[in-house]
Structure formats: structure tokens, C-alpha cells
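Engineer: Requesting a structural model of the entry that follows:
(chains A and B)
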Amino acid sequence: MKSPKNKIPFFLALALSFGACKNSGYWMDRLDATKLSQAENKLRFDSGCSHVIPEEFAHSIPVPFKIKKRKEMGFKILFYPVVTEAETPSMAASPFIEGVFALDGSVSDHCIATTDQNEKVLKKNIPAALSMASYYKDKSFLYENLERIAPLYFDNSSPASGDIKNIGAFVREFKRVSEPALWPDYYRLSPDFWNWIKKNGQTLPAPAPSQ
Amino acid sequence: MLPLKRKKLIAGLLLSFLPCVSFAFPEQGKIIWKFSKESPCIFKYRNGYAYNSSIIVCYYMLANLKTPVSQFNRLPTLAAQKEFLRNVSEASSSALSRLEKKEKLILSRDNLKNIPPQASSELKLKIMMKMEHTVLKDGKKACQPFLWPKAEEASYLHKSNGNWPKTWRPCMKPFYDRWRLINKKVQELQSGEVEKSHKKVQTLLSKIQGFNTGSISMAKNAAKAWALSSGLEFRGNQNQQELPALARHFVLDQKSAPPPSPHPLSDAEYRQRGYFNRGYAAGMERLKDDALLSLSHSLGLSHTVGGPQGKAKNIIDQKGGTCAVEAQYEVLKSYGQNVTPKGLAEEAFRKGYYAEPRLKNGSSMGGTFIDNDGKLLQDHGFEVQVFSGTNQGQNPNLRLNEAVEKNGGALVGVEAGRLWSLPGVSGGHQVFVTGEEVSNKTRQVLGYYINDTGTGEAARFVSKKDFDRAWRANGYELIVFHEKPKK
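Structural biologist: This next block holds a predicted model:
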């Protein structure tokens, strides 16, 4: 007989394997239920951003930021053109627009053009080859974890061991789902957040910001 | 083995390196590379005499060096220039022999002869569609050291059709010829699959029609047919136990005439549909959907609203990020307006509805600003209402259904990646909803028909669940339109 302790990983594995069987639709529903995902849509369609964001532009994963002096905290997100062709992997151009939003209303939703809107370079965009189900599974976990860890970063509170696990999971999912070509842009958006991630023992994919 | 003609071509190209190093007119100072788009490889001595350089060496420099012309012209002496050309000539020569090896490998791999003759037509199609893709992709990769200039993205505004530059032809020719050969066979097999699927439906229907006696048996048979149709093959009495429950589920509306079959009835219709434009698996899935819909119509289980088959003829392949513009083009065409995709894209650009930044590598990817949704329709005599985000008030599905029932369609913004099953593509994408499928019993919408200029697919059926997931991710963006009454 195995001790109950030994049984837990078995049931965990069983639960996880059931989780793996869920189809992409289930994970899409879960992703769309996150506050972050809904706030992204609000930013695109209900704010002044709809003047400047072309419909076809893709959007990045939101990154938390805070400006202590102005007591501002929220999320930044990038909008960029994507070229998809049957023969080649999707390509991203450098982001044109930076959006800002908050879940608690501490900053008003707005967008700014990043630089000159011409002559952008295309970069390889596609994340690792993932199936629809695993992409949306990872992305929904990423958003859920981001919602859990962002308040810790905003408050500057020291994370408990459970929170450290969430931070680790966030970084793992970020590496899988985010666009490698945009990593420098992600770091540029909020170096302070990424340094906080590093302080909590996580390794970021290169070129990570220096502390 | 390489064909003899190809061998001769390569030998000729190799021989043409010789003048670079050994043959020259009376020399006067340095060589000047006079570059122009029309004649990129003109080399002349300062005194005007021509310097015969190999075109292959020239293309190799253009394809591999960042600023080849100024780099060459800045070299201090004639000796340095000749040394430079000699080095490039050696490098291009070894690149050419690498290309020769790769070409041999690719053409022997992507060869129709490799397909087992006993394989099913489905398997043959699957293998051929893969070959079709890899022969061009790997051919392009093999030719990369000689491909100059870079290919441009298709764009209405920059008058680029997205074709390869002429200078690519000599290197890409063998790969393109092979692709053409495979593509011809693929077209034949694809249309065969459509035909086969249609015949399966007809056979099933003829089996079912034999039992049409009395309402209960009809309902039973309908249920039986439904169970069969999900696998599209006859499975005897396998589902006998489930039949009564299934029979209760369906109510046959025998009075209404069967609506037109979603299956394409002609070659032209088949081509418009673009069944396999997103690949083999997606194509087979679409065929199955259309077969089920055909059965469902014949059994009186559901009907189509909006006439999507009639609107399929207006489908086009968009260039760049013009989906919102070209979706409006389709609407205008379906109302008989005299517009062109290019003309409408230019109009949208001129009016500031659409932007198309030119990217450094020559490609361009534009988009329509969300605030300008439906503006082209307004400018062409339509009344337009735009709904999106959190300010919807009413259930967005009810509004869409109403628009399809009243006006025969609507435009919606969806997340492209979810609609095309392409993970990682989070951009928005506008499509023309040309109809909907409605259950005869519950009167509920089972799914929508779309024309998608992004993939060139027309009258594609998307189940309500899948449609809603793609639509929700783009803020349930909806553009409802109707023609203004003429005075």
C-alpha cells in the first residue's frame, strides 16, 4: 500500500491529464473570463485607442508597471502588425502603439504611438510551435497567474512561497506563449517589473534588462 | 540526376565567372559599379570601358552584402577590387555547388513518383499538399544566396502583386516547375474529394428516402440519418437503442421546400469556396460540414437564411491588411455597386480610414482604424450602425441574427488566430457574415456562413460556438448595414 502522501501526486497527475484533454474552446473561454483579457478589449474598443489602433494589429501580453511618484499602476500592452502567410511563419513588425490600462481605474485607458510609424523591421514572431489547445491553455494560465502576481508587485509586498510558485509559473508560460521577437520591447515597457521578477529568483529569456 | 538543360545552365553560369578574373579591356583606374534598378550589374572602368563581371557574382553580392555597391566602389585600388571580386566569385561558386546538391535532394524528395500508388486518394492528397508546400519553401531557402531583391508583400497601394521578382526565376525555376506539376494533381484530387463527399450524401439520402412512410418512421429515419451522417457512413443498426430518443429530438417540417444544397453544384462554385485554402485538414473538415448541412436540409432539420451561396461569387483574396476594406467591397458588390478591390483600398487610404506603413524589408502590412468601421459603406449610400466592446446593451448574437435575417448579412470583427486555428495570431480580422443556419425545431442559430478575404474562402460554415469564441475575443465587433432608400 502506498501512503496517502504518495497518492497525492498520482491524483494530481490524473487531474492534470484530464486538464490536458480539454479542447482549445475550453481554454479560450477560460482566457476570455480573465479580467485582463476583458480589459484589453475595453481598451481597444471603448477608449480613445480605437482612433489609432488598426483592426488587424495583434496585441502583446500585458505587462504590469508602476510609477511611484504619480501613484500610477496598471498594465502596458503593445500593438503591432503581423504578416501571416501559408508558407512562412508569422512575422511581427516593431510595435507601433503602446496602450495603458488598469483593472482598478487608477490610470485612465489611453494609447500612444511609440515612434515614427514608418520603416519598421519585420521580426520572427510566432511562439514555439504549439497546438491550439496548448497555446490557449498556456495563455489562460499566464493571464490568471499575472492577475495573481501583479498586486504583489504593485504593493511591493514580499511574496509567500505560493506566490513564488505563481511567479515561476508566469515566467514559464511567458517564455512559451509570448513573441520572442518582442522580448526587448516587453522589457522596455516596464524594466522595474522584470527586475522584481528577477529578484524573486526567476531567470528571464535574453536580452533581459540589467538590474 | 539534374536535367541536362539545368546542368548546361549551371555550367554556363560557372564559366561566366571567368571574365571576372582574367578578361579585361585596357584598364584605366578603378572599376565603378553603376547600379540601377533596371540594370543592377553594370561594371565600368573609369575610362568608360565595360568590365565583364558575372551576373551570378553580382546577385550574390546584392543578396548577401549589406551595402554592396558602396562597399565595392569604396575599395582603394583596382587590385583590391579584383581581389574582392575573386573572393566573392569563390564564395558564390561554392554556394552554387551547395545549391546544386540541395536542389537534387529537394526534387527527389518532393516527387509524385514517391507516392505509393495503392494509397487512398485522401492520403495522396495529404502528401501532395505537403509536397506543394515544401518544394517552394525549401527551394527558396536553397536559392537564398542568389535571391535578390527581396520579395514584396502584395499591396494595392504600392502596386505590388506579391509575385517573385523576375531575378528569382533562373534559380527558382526547377522548384516552381515541380510545384506546378504537383499543384495540377492536387487540384484534380481536391475537386475529386468534393465530388466524393457529394456522392456520399446522395447515397445516404437515397437509402433514407426508401423508408419514408408515416411520420414516426420518418422521424426515426431522420434520426438514423443524423447518426449516420456524423460519420458519413452506414453503420447498420449500431445506434438502434438511441433511435427513439433521437427521433423525439427532431421534428420534420415536410411542408417547406428543401433549401439549396450547401454543396457546390458547379466547378465555378467549387473554386469560389476555397475548401482547401487553409490546408488539407481544414478542407476535409469543411467538406464534412457541408455534407452534414446537405443532409440536414434534405431531412428538414435546419435551413439556411441569407443566401450565402449566392454571395460566394464576390469573394476575393485580400492584399495586406485590407480585410475591413475588402469585406465592405463584398457587401457593395452584393448590392450591385460598381467597385474594385484596388479602387476601394485607394479610397480608404485617401480618406484616412486605412493606413499601410511600408516596412524596411519592402513589405507592407496595413489596417483599418477601428473607429472607421463601416465608413466606406456609409460613403457608398448605406446606413451603418457599429457595435463593439462593452457598450452593446443587447445580446450581440440576437443583433447579428436580426441583421442576417433582415439585411442578408453583416460584417463582424473576429480574432484571426481563432478563426483560422493559427495559435499566436491575436490580430483582429473582419469577415462578411453572409448567412446563418437555423434549426427548424428550436429556431436557434446553429452557425454562421462567412466569406473570408483573408483565406479566400467563401460560404464557410462556422459552428456557433467556434464563431462566438472568435467574435468575443474581438469585442463582439459588429457592423450592421442597410441600403438607404433611393429618393
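Engineer: So which residue is smack in the middle of chain A?
Structural biologist: A:Ile61 (3.2 Å; Cα atoms, centre = their mean).
Engineer: So that residue sits against A:Glu173, correct?
Structural biologist: No. The criterion here is Cβ atoms under 8 Å, and A:Ile61 misses it with A:Glu173 at 9.3 Å. Using the backbone N, CA and C atoms, a C-beta is placed for each residue, glycine as well.
Engineer: burial count for the closest residue to chain A within the stretch 101-250 of chain B?
Structural biologist: Distances between the stretch 101-250 of chain B and chain A by Cβ to the nearest Cβ are smallest at B:Lys137, namely 5.3 Å. Neighbour count of B:Lys137, defined by other Cβ atoms under 10 Å in any protein chain shown: 15.
Engineer: So it belongs to a helix, correct?
Structural biologist: Yes. Checked against DSSP: H, G, I helix; E, B strand; the rest coil, B:Lys137 lies within a helix.
Engineer: quick one: the strands in chain A?
Structural biologist: Assigned by DSSP state E, chain A shows strands spanning A:58-59, A:63-67, A:72-80, A:82-83, A:91-93, A:97-101, A:110-113, A:122-124.
Engineer: quick one: average confidence on the first one?
Structural biologist: When the per-residue pLDDT values of strand A:58-59 are averaged, the result is 91.
Engineer: which residue does chain B bring closest to chain A?
Structural biologist: Nearest residue of chain B to chain A: B:Gly367, at 2.4 Å (Cβ to the nearest Cβ).
Engineer: which residues touch that residue?
Structural biologist: Shown in contact with B:Gly367 (Cβ atoms under 8 Å, 6 or more residues apart in numbering or on different chains): A:54-57, A:81, B:321, B:324, B:354-356.
Engineer: Can you say which two of the residues you listed are spatially most distant?
Structural biologist: The largest separation in these, counting by Cβ to Cβ, is between A:Pro81 and B:Ala324 at 14.0 Å.
Engineer: Of these two, give the one with the bigger neighbour count.
Structural biologist: Applying other Cβ under 10 Å to A:Pro81 and B:Ala324 shows that B:Ala324 carries more neighbours, namely 34 against 29.
Engineer: the helices in the stretch 51-200 of chain B, which residues?
Structural biologist: With DSSP state H, counting those that start in this stretch as the criterion, the stretch 51-200 of chain B has helices at B:55-64, B:68-73, B:78-109, B:121-143, B:169-209.
Engineer: Comparing those, which comes out most buried?
Structural biologist: Comparing the helices of the stretch 51-200 of chain B by mean neighbour count (mean count of other Cβ atoms under 10 Å in any protein chain shown), helix B:55-64 ranks first with a mean of 21.
Engineer: what residues does that one touch?
Structural biologist: The contact list for helix B:55-64 (Cβ under 8 Å, 6+ apart) reads B:13, B:16-17, B:20, B:40-41, B:43, B:68, B:72, B:85, B:88-89, B:91-92, B:95-96, B:144-149, B:167.
Engineer: How far off centre is it?
Structural biologist: Per Cα atoms, centre = their mean, to the nearest Å, the displacement of helix B:55-64 from the mean C-alpha position of its chain is 32 Å.
Engineer: Write out the residues of the stretch 151-300 of chain B neighbouring chain A.
Structural biologist: Neighbours of chain A within the stretch 151-300 of chain B, by Cβ under 8 Å from any Cβ of the partner chain: B:153, B:278-279.
Engineer: gap between the two ends of stretch B:71-87?
Structural biologist: With Cα to Cα, to the nearest Å as the measure, stretch B:71-87 spans 14 Å from end to end.
Engineer: what is the rounded mean pLDDT of that stretch?
Structural biologist: Per-residue scores along stretch B:71-87 average to 93.
Engineer: returning to that earlier point: hey, least reliable of the strands of chain A by pLDDT?
Structural biologist: Among those, strand A:122-124 has the lowest mean pLDDT, at a mean of 67.
Engineer: quick revisit: residues contacting the residue nearest to the centre of chain A?
Structural biologist: Neighbouring residues of A:Ile61 by Cβ under 8 Å, 6+ apart: A:77, A:142-143, A:146, A:174, A:177-178, A:186.
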